[in-house]
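Engineer: Predicted model and sequence below, questions to follow.
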Amino acid sequence: MKPTQFKELLANIKATIVSFISIMMFVALSVGIFVGIYRMSAAIENTAQAYFDDYNFHNFQITSAYGFTESDIEKLKGLEGIDEVEATRQTFLKMNIGNERTSAKVLSLPESINMLDIKEGKLPVQDNELLMLEASASKLGLTVGDTFSFEKPEDDYLCCYDFTIVGIANSPEFVAIDSSSYGISPFGSGTITAVCWVCPDVFNSEAFFDLWPVVNIRSHELDSFNTFSKEYANASDAIEDRINELGTTLAHERYVDLRTEVEDEISEGETKLADAREDIADGERKLKDARAEIDDGEEKLAAAEKEIDDTKKMIEEGGALLALAQPGLAEQVAQSEEQIKEQRKELDKARDELSEKEQEIEDARKELQDKTAEVDEARDKLDQLKDVNWAYVSRSNNGGVTSADALADIMIRMSYSMAALFVIVGMLVSYSAVSRLVHEQIILVGTKKALGLRRREITASFLLYTAIAVVIGSVCGLIIGTVLVESIIGIAVSQSFIFAGIQRYFSIPLALITSGIELLLVLGATWLACHSILRSHAVELLRGEKPPTGKERFFEKWAVWNKLPLYYQTIVNNCLNDKRRVFSTVVGVAGCTALVVTAITLNNNVLDSFDFHYRDIYHFNTISFVDDNEENSDEKIQSIIEDEGFTASSVYRKPLIVELPSGEETNIRLVVPKDNSEFTRLYHIPEAEFYGGELSSEGAWVCSAVQAHHNAKVGDILIVKGSDGTNYEVPIAGFYTYYLQSNEMVLGRDAYEALFDTEFEANAILANIDDASIEKVKEKLLTVESFSEMFNDKEMQANNFRTFSSVSSNVVMIYLVLASLMALVVLLNLNVMFIDEKKRELIVLMINGFSVKDAKKYIYNDTIVFTIVGILIGLVLGIVMGSITVGSIEVSFTFFYKGINVAAVVIGVVFSAILSLLMSIIALRRIPRFKLTDINKP
Amino acid sequence: MLDKAALQYYKTIGELQGIISTSETLESALKGGLRLIVDSCGAQAAVVWYTDASENAQLRPYYWIGPMDITNRRHAIGEGAVGRVFEKQMPERYLEFKPEYDAETLTDFEGEAIASMLAMPLSSTNEDLGVVQVIKTEEPFTEEEADLFEMLVLMAAIAIEENEALAAPWEHGDIVMSLRGITREFQNGEILTKVLKGVNLDVYEGEFLVLLGESGCGKSTLLNIIGGMDQATSGEISYLGQDLSHATQDELTEFRRNNIGFIFQSYNLMPNLNALQNLNLIAELVKEPRESEKVLQVVGLEDRMRSYPSQLSGGQQQRVSIARALVKNPHIILADEPTAALDYATSIEVLQVMEEVIKDGTTLVMVTHNEEITRMANRVVRMRDGRTHEVTVNRHPARATDLVW
């Protein structure tokens, strides 16, 4: 480019600074918004990765139903690609803090893997010292120095249960603030409120049979990959396969060992039983003989006594004679009597011995019965003993990692959907601005052509014009993205994770690619705008812009048309004759409306999803849990609640790990009603009623997120992974709309009993209790022995939505700021350009006696029509975009309401109308400043 | 040997002879003569007073040079210096003029400081026609200049005999607008440009007034001020006695809305409205507009009513522009170079339409460069350097079809 041409370019920029800035701002906005949000995803991932590296976060965590032996651990250490293996112990305990009864996960202090990030205090060294997760301590209102007790469980897992908190820490294992990412406890709701660490010695080794329930593994091979990358997943899978292979063998061996052990026990028991039975039989024989001997003795004694009695009689009858005849007879009798006495004593003694022996045999029988039961139990145990594999949790499946991954995923999706809107509108603005610039300079362009400048030389100057705008805009955009967008979203992200701050992440390739794409798009729009004009011959261009063709339009013959006030006729004619402006204004207003509607729909629909859920599906707010239900505690609880005048329904409610038809594993909470009619009063599945399906034995009604995000269909089979390693197949009977941020399925009682081969036992009571009465009801429930806890589920869900909304409301704010900027740029620019274009007409009108007000009306009548059309188009676009954007931020376990949000529509209309009006008012201020004498200027 | 003054004397007489012999009309001979007189004597203003030959004969200005508008000034025979000169048919010389000598002269020249005044009867052999009057504002005439003036007027009288007699006098209507001492200055950075330097002008009911002058002489600025599009920096302007000098923008808008029609050089039609709509747009502004269709008929566009500006030729567009000005039924139509962008034939077409407009009694003030068009006017005001320089009262305006350029 020649120096003078460059000077002319600069002069052009100066002369058309509003258009130039509008292109620049649009580029800045679209680059900023895209780069800012897109980079946020990488920033989250990098921040998390740095934290994982710093605290040596495990790559795999494996658990086994039968525990790990030292030999298992040694074998794991020997596996290729595994560098560190650390066996730890953990248990779940109940704790009471104030009136709250919650569940805690207690872990042994780590030695090298999952190291703790001490925020306050110190590591525990004494048995009664404990370290608590920062988020847990904060939620429970505990701090260093506080003491509390765990409830002592049946099995004595710990050597003590009273602790003093000596430190507050964070762990790479629990990076998300949301406690639902901490895992599932075996009690009540399954929610873990507190995570604590104690010295390893606090765990009672005997209670664990000297085994280790959890093993953490580190592989330095994976250190070179980002946890969230595909490369990591691939490399991790390879190592997991090796662990799996070893695990399959070791778990089977362990199973076989256990089985043999139990079989041996049974066999030994049975031998002992046989011996005992023999002994009892022998004892009984001996008893029988003894009884016979006693009976014989009795007979003999009786005979002897009779003989004595006869002899006595004879003596009495014989008197002195007999005494003379047989001297010493009386002495003989007395002697015999003495002998009989002796023998009778002996007989009584034998009887007592017999009685003792009988008791012994009776005891032995009882013992036999008990032993038989023991053997039977061992047999049952043997039957139940299953050949289960180890359970693997790779780093990617850790709750915190999946939360961060989901957020990063949401950010990327958001960046695309938002950037797409800005890029589209930005291109239209660039096209319209350059097109106007070219048309404004049409005579100049003609002159240049006439003077011998080539088409490409003239095009080049316009291309350079926009290129400069794009380059400056891109730089501004990168600054906006880094400073504004990242800061706003960063604050929201740091509220959901433990990271002290989100690492700023600047990617030069991303910046270059984004700016490059923007440059190409805007240059394309510029070229299009120049192309048709520059094809014309110089002489045509020198005549200036072609006036409207002025052909009579078909409707002009209509009587209705001619009766229309001239103002309206003018509006229609203006629209038909200046399609570029109509298009640009409508696009500007529509874009603004669409952004506002999208943003507010996004925010409101997420929050509305909660309201709709509790309006249409859940009609309960609290859930009470029972620990065991042998005494029908659920019924007691239900009746207490009902006595207070509230509705309640007993259910079985349990989080399960489910393998979906797609092969993915996810958490789905199972809900089984005890009584369908009671249940439907509190838990409404409109779809089930619609299809008349109720809760049939055909299968489970599954929440909509599973259908939406995992491509599941009615009739597909869900494989429920039992904690004992058993798999249960549950067919899908249907899907129902479900908006809470978790997966849930409802299975009829009969179906549950059939599919899970178990008897129904309620563990939870759903109830709809006035908020004011919750505490009162809770106090009454404490009298029920097996009552575990009651929580306000609705309040918890509301908190989840509020947390989510804190991110989305920031996005909404960005949207609104950007929409305003867009409206400012587009509408102000268009209004100013239009007024300048119409300057001569307006001056003519004013010279002819139109007041300034009339002249303004001549302009804003058009603007009002365009604004209305733009708003209508924007509404449609915003509703569609809103639905898509709401869909785009859904992750695997979320499903939001995607319908039209009335508030968004109203706010969108009002916001755009006000902005449009404001921009018009600002632009219309030019009219009174017009000099009527300018009419004389060419 | 002749001295320099004598040489100049004869040279001027020769020039006057040339003007008289080459002038096609009496008006041009008189105008040329008076210009020569003013230039040769170094006068600041001059007036040709002409008798209307009525029963109560009066002397009325026919042509004058100077910044004053004396169109409606009259001198009874025998009254004032001019009346006396006519009555006595004797020239009068006031080489050292004093205000008490002649109050009427002071009124004629609107307060100008008169240093010296000469008046000379203008008579042919057959009749007494009027009086030629010149004044100087700064220094007195010399005796030689006075001699020369009288000689030149005598010679000009010969022209009257050689040409046809002057037509009947123009009877003007009432004053519609009156401008006195109008100045207009523009500040551009540190540079102050004085475009109008004290214009005195009256616009009469039903007249066709042409403002003529070189580019930059201030004629368009004057037209803008007359039309209420611009406001004077100083001076007084009134419309039918109503002061507009200090009118607000809203008052000026009302003034334009109800009284003024505009015709522009570049037509300035609304491109998105057809001919009829362009008229209707303006017609809707006033209470009693003319019927748009009929006005379009007047300008000969009855068959192009539904045409858009882009479908019309330049002349047709200008006719729509005239119709647009007419449709409001305005008191005054202001036209700024209405034929400048048109070719000869089209210009004549447009001027014919304007001729019709004037016939209807509408006042028309037109700015033009075209000397030929001045022949159609009742009065021609030639402007120079921000002032009215010459005013000619056209005693027999030409028809548009008679114009040639």
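Structural biologist: Arrived safely, thanks for sending.

Engineer: Quickly check: stretch B:272-291 near chain A or not.
Structural biologist: Yes. Stretch B:272-291 comes into contact with chain A (C-beta under 8 Å from any C-beta of the partner chain), by way of B:Asn272, B:Leu273, B:Asn274, B:Gln277, B:Asn280, B:Leu281, B:Ile282, B:Glu284, B:Leu285, B:Val286. C-betas here are computed from N, CA, C, even on glycine.

Engineer: buried subset of those residues?
Structural biologist: Those of the residues of stretch B:272-291 next to chain A that meet the buried threshold are B:Asn272, B:Leu273, B:Asn274, B:Gln277, B:Asn280, B:Leu281, B:Ile282, B:Leu285, B:Val286, by 16 or more other C-beta atoms under 10 Å in any protein chain shown.

Engineer: Could you dump the residues you listed into TSV and include secondary structure?
Structural biologist: Output for those, formatted as TSV (DSSP: H, G, I helix; E, B strand; the rest coil):
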residue	secondary structure
B:Asn272	coil
B:Leu273	coil
B:Asn274	coil
B:Gln277	helix
B:Asn280	helix
B:Leu281	helix
B:Ile282	helix
B:Leu285	coil
B:Val286	coil
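
Engineer: A:Ile412 sits in which helix or strand?
Structural biologist: helix A:399-440 (DSSP states H and E).

Engineer: How far away from the center of its chain is that helix?
Structural biologist: Taking C-alpha atoms, centre = their mean, to the nearest Å, the mean C-alpha location of helix A:399-440 is offset from the chain mean by 27 Å.

Engineer: Check the model's average confidence along it for me.
Structural biologist: Helix A:399-440 shows a mean pLDDT of 76 in the predicted model.

Engineer: farthest pair in the residues of stretch B:272-291 next to chain A?
Structural biologist: The span of those, defined through C-beta to C-beta, is set by B:Asn272 and B:Val286 at 22.0 Å.

Engineer: about what we covered before: quick one: which of the residues of stretch B:272-291 next to chain A is nearest to chain A?
Structural biologist: B:Asn272 (3.7 Å; C-beta to the nearest C-beta).

Engineer: quick one: that closest one and A:Thr570 touch, right?
Structural biologist: Yes. Proximity of B:Asn272 to A:Thr570 meets the contact threshold set by C-beta atoms under 8 Å, at 6.1 Å.

Engineer: Point me to the residue of the stretch 201-350 of chain A nearest chain B.
Structural biologist: Closest point on the stretch 201-350 of chain A to chain B, by C-beta to the nearest C-beta, is A:Phe228, at 58.5 Å.

Engineer: contacting residues around the nearest residue to that residue once chain neighbours are set aside?
Structural biologist: Closest residue to A:Phe228 apart from its sequence neighbours, by C-beta to C-beta, 6 or more residues apart in numbering or on different chains: A:Glu45 at 4.3 Å. The contact partners of A:Glu45, by C-beta atoms under 8 Å, 6 or more residues apart in numbering or on different chains, come to A:Asn226, A:Thr227, A:Phe228, A:Ala404, A:Asp405, A:Ala408.

Engineer: Which SSE is immediately downstream of the lengthiest helix in chain A?
Structural biologist: For chain A, the helix that runs over the most residues, judged by DSSP state H, is helix A:230-325. Per DSSP H and E, the first helix or strand lying C-terminal to helix A:230-325 is helix A:329-384.

Engineer: Can you give the distance of that following helix from its chain's centre?
Structural biologist: Distance of helix A:329-384 from the chain centroid (C-alpha atoms, centre = their mean) equals 69 Å.

Engineer: same thing with stretch A:445-453?
Structural biologist: Distance, centroid of stretch A:445-453 to centroid of chain: 65 Å (C-alpha atoms, centre = their mean).

Engineer: Quick one: neighbours of A:Thr737, just the number.
Structural biologist: Using other C-beta atoms under 10 Å in any protein chain shown, the number of residues around A:Thr737 comes to 18.

Engineer: do the same with B:Gly235
Structural biologist: By other C-beta under 10 Å, the residues close to B:Gly235 number 18.
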